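>>> Sequence first, predicted coordinates after that:
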Amino acid sequence: MIIVELDGQERSVRAELRAVEQAAWLPGTRFVQRALGAEACERVWQVRREFSYSLRDTGLTKLNEDIAAPRSRLVDLFEFAQGLQQRHGLPVACFGHAGDGNIHVNVMVDETQPGWRERSEAALDDLFGQVIAWGGVITGEHGVGLAKKRWFPLAVSPELRTLHRAVKRALDPRGILNPGKFV
Amino acid sequence: MRTDRLASALTDLKSRLKPGELRLDARTLAAHAGDRWFASHLPDAVALPRSTAAVSTVLRFAHENRIPVTARGAGHGYVGGCVPQQGGIALSLARLNRIKEVHEGDFVAVVQSGVRTQALQDAVEARHLFYPPDPASRADCSIGGNIATNAGGPRCLKYGVTRDYVLGLEAVLADGTVVRPGSRTHKNKTGFELARLFVGSEGLLGVVTEATLKLLPLPPYRGCLAVGYDAAPVAAAAINAVFAAGILPCALEVADGFTLAAARKRTGSRQLEGCEAMIIVELDGQERSVRAELRAVEQAARLPGTRFVQRALGAEACERVWQVRREFSYSLRDTGLTKLNEDIAVPRSRLVDLFEFAQGLQQRHGLPVACFGHAGDGNIHVNVMVDETQPGWRERSEAALDDLFGQVIAWGGVITGEHGVGLAKKRWFPLAVSPELRTLHRAVKRALDPRGILNPGKFV
Ligand SMILES: Cc1cc2nc3c(=O)[nH]c(=O)nc-3n(C[C@H](O)[C@H](O)[C@H](O)COP(=O)(O)OP(=O)(O)OC[C@H]3O[C@@H](n4cnc5c(N)ncnc54)[C@H](O)[C@@H]3O)c2cc1C
């Protein structure tokens, strides 16, 4: 499913939404839902917001990875996510910002199962390795923090990590600012 | 470095490069001494590398031997930024001029830094893609220069400046290390924003050799409106009315009475007669939307005091409107005076204050002042017109600029919106930037260029 939102002057939005519909109505279309005006749009977005809750309803823990892939890799990514599922026995749900390739890949983990941690880490190793091989990045908007610290050296070359450290040292020579993170 | 030691070092460097990549002849040196501003200084050598590896060789060598290196794109800067102020090597990126990739699926272009801005735009537009930043110099300037100065243009009101299109870079650091900050994805939060650290760095932090730039779908249609007014405050009110209608034009330009009088003289245009201000509004997008919204703009902009309205639909007609805008520079040159083009930016609401202040400048310093530029984002070109045949012209123009920059900063504005500091605005950098912030500039500079070989003699 895709959601497309336009904004601007009313007449323009109405006309351009028709053009979007024309472009998007391809063989294989199952449904089209139109929304005009802020309120109707909010109802469409409500469905989008439910995605996260729906995944939580499964009772599983959601590891939300906000990777970004080059825009043309969308279908490859969806297929790769299905493969992940088969290889690691963990359900994977993808949704997110298709327009800029920033797709949230949610690896669903059952924490009551033994070995869940190793399996999920292995799945993430696989995922991040492939995303980087495509020229993508391990985080599009959430940041590195602690969650992605382990993969920072995979994502960023030694030369670029040295540059990170040089800038860090210039601004925080005693290393007191948020120590223990990716620099 | 002593001249004989420098000479032998340069001979040594030459032997490490391919033939023709390091030139020492007087003609080549003279051709790489200045840009489109007044200053110039001869380099001791000109490097014309054909590869990133050669750029790296030059920098590694210069770092080891403490030789100044000043990067140069196309030499079409307006502030003396690429002037090799302390000699050494002028490092021209002109031969790194290949468009390596235009990817329709990923909406990115990968280009070497010496590619001309216009060449990139032509290549992507042929494939219905769009690279919006449009400095007026785009036929001549380079992408690397645009990145190093964070160049803008009329369309940047809606689309943002060069910075907003830089997804990734290949850059060579002062010691020759090649880094590739950023990526080809449209979003990236992996670590610091190091690609953008080089944006606007005026060749002081590293040398950009390649850029991965974001592209947009090409808007299929354009429409333009030019409106003349009998007073500047009416133009300002019209600008506010356009925004109040919820419309963000792709460009919104303004010109003052002095500029229009010069343009009328040059072009013989009757419609400019009696105009004390003029605005140009451009919209782009789907044809029907542009047509309808242009009518809304006209409604908003047609205020009491309007002298003429000129409509243009479609790219060709729009170009004719912009032709008038382009004549402004030439018209001012026709006056026979030297134009000191100051690209200050003021908070948007200060437009009328700025026009009035400029008139005051004129009275106080006896120098004509012409204002025109990007009204939508407050980046107005204030042109102080100087007669270099008059004694004392330099002192008078410097005094006028002191006045201007002092007032602009007092308003919370900045001394340069898009051209950069270079040499032209170096004197006012301490006025514009606090001691703490200058210390931070120095700390960042030292971290990236510990030996101070990159573009020395500039603002850091
Ligand atoms: C007629 C005219 C109109 C103009 N209109 C506009 C305008 O509308 N908007 C605008 O923003 N500017 C404008 N400019 C200014 C100028 O064109 C821009 O600053 C442009 O970006 C300069 O590009 P260049 O390749 O000529 O750079 P250069 O003049 O060669 O260099 C500019 C600075 O960038 C550095 N540099 C260049 N290449 C690199 C690189 N690869 N790596 C690291 N540093 C580098 C240089 O050291 C220097 O400090 C105009 C200039 C002219 C002459």
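Ah, there it is.

>>> near chain A, which residues of the stretch 201-350 of chain B show up?
Within the stretch 201-350 of chain B, the residues that sit near chain A (C-beta under 8 Å from any C-beta of the partner chain) are B:Gly246, B:Ile247, B:Gly285, B:Gln286, B:Arg288, B:Ser289, B:Ala292, B:Glu293, B:Ala296. The C-beta positions use only the backbone N, C-alpha and C, and glycine is treated the same way.

>>> and the residue nearest to B:Val382 when sequence neighbours are not counted, how many neighbours does it have?
Leaving aside its sequence neighbours, B:Val382 sits nearest to B:Glu342 (C-beta to C-beta, 6 or more residues apart in numbering or on different chains; 4.7 Å). Number of residues near B:Glu342 (other C-beta atoms under 10 Å in any protein chain shown) recorded here: 26.

>>> Which PyMOL command selects the buried ones in the residues of the stretch 201-350 of chain B next to chain A?
Only the buried entries of these go into this PyMOL selection, using 16 or more other C-beta atoms under 10 Å in any protein chain shown:
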select buried, chain B and resi 247+285+286+289+292+293+296
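
>>> Redo the residues of the stretch 201-350 of chain B next to chain A as a markdown table? Include distance to the ligand, pLDDT and secondary structure.
Formatted as a markdown table, these follow (distance: C-beta to the nearest ligand atom, whole Å; pLDDT from 0 to 100; DSSP: H, G, I helix; E, B strand; the rest coil):
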| residue | distance to the ligand | pLDDT | secondary structure |
| --- | --- | --- | --- |
| B:Gly246 | 27 | 95 | coil |
| B:Ile247 | 23 | 96 | coil |
| B:Gly285 | 23 | 97 | strand |
| B:Gln286 | 27 | 97 | coil |
| B:Arg288 | 30 | 96 | helix |
| B:Ser289 | 27 | 97 | helix |
| B:Ala292 | 29 | 97 | helix |
| B:Glu293 | 25 | 98 | helix |
| B:Ala296 | 27 | 97 | helix |
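
>>> which residues pair with residue 92 across the strands?
All of this refers to chain A. A:Val107 (DSSP bridges).

>>> you looked at the wrong chain, it should be chain B
B:Arg72.

>>> Quick one, grab the pLDDT at it.
The per-residue pLDDT reported for B:Ser92 equals 98.

>>> dump the residue contacts of it.
Contact analysis of B:Ser92 by C-beta atoms under 8 Å, 6 or more residues apart in numbering or on different chains lists B:His32, B:Val46, B:Ala47, B:Leu48, B:Arg72, B:Gly114.

>>> what residue ranges in chain B score low on pLDDT?
Scanning chain B for pLDDT under 70 picks out B:1.

>>> Which single residue in it comes nearest to chain A?
Chain A sits closest to B:Gly105 of chain B, with a gap of 3.0 Å, by C-beta to the nearest C-beta.

>>> how close does the residue nearest in space to the middle of chain A get to the ligand?
Closest to where the C-alpha atoms of chain A average out (C-alpha atoms, centre = their mean) is A:His104, at 2.2 Å. The gap separating A:His104 from the ligand is 36 Å, by C-beta to the nearest ligand atom, to the nearest Å.

>>> quick check, that residue in a strand?
Yes. Per DSSP: H, G, I helix; E, B strand; the rest coil, A:His104 lies within a strand segment.

>>> Touching, it and A:Val92? I think so.
No. Using C-beta atoms under 8 Å, A:His104 makes no contact with A:Val92, being 10.7 Å away.

>>> For residue 178, the count of nearby residues, please.
If you meant another chain, say so; for now it's chain A. For A:Asn178, the neighbour count with other C-beta under 10 Å is 10.

>>> wait, I meant chain B there
19.

>>> now B:Leu6
Applying other C-beta under 10 Å, I find that B:Leu6 has 16 neighbouring residues.

>>> ok, which stretches of chain A are strands?
Taking DSSP state E as the test, the strands found in chain A are A:61-65, A:92-97, A:102-109.

>>> Reformat those strands as TSV; add distance to B:His374 and mean pLDDT.
Below are the strands of chain A laid out as TSV (distance: least, C-beta to C-beta, whole Å; pLDDT from 0 to 100):
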stretch	distance to B:His374	mean pLDDT
strand A:61-65	41	93
strand A:92-97	31	93
strand A:102-109	31	94
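
>>> Now the terminal residues of stretch B:79-86, how far apart.
With C-alpha to C-alpha, to the nearest Å as the measure, stretch B:79-86 spans 16 Å from end to end.
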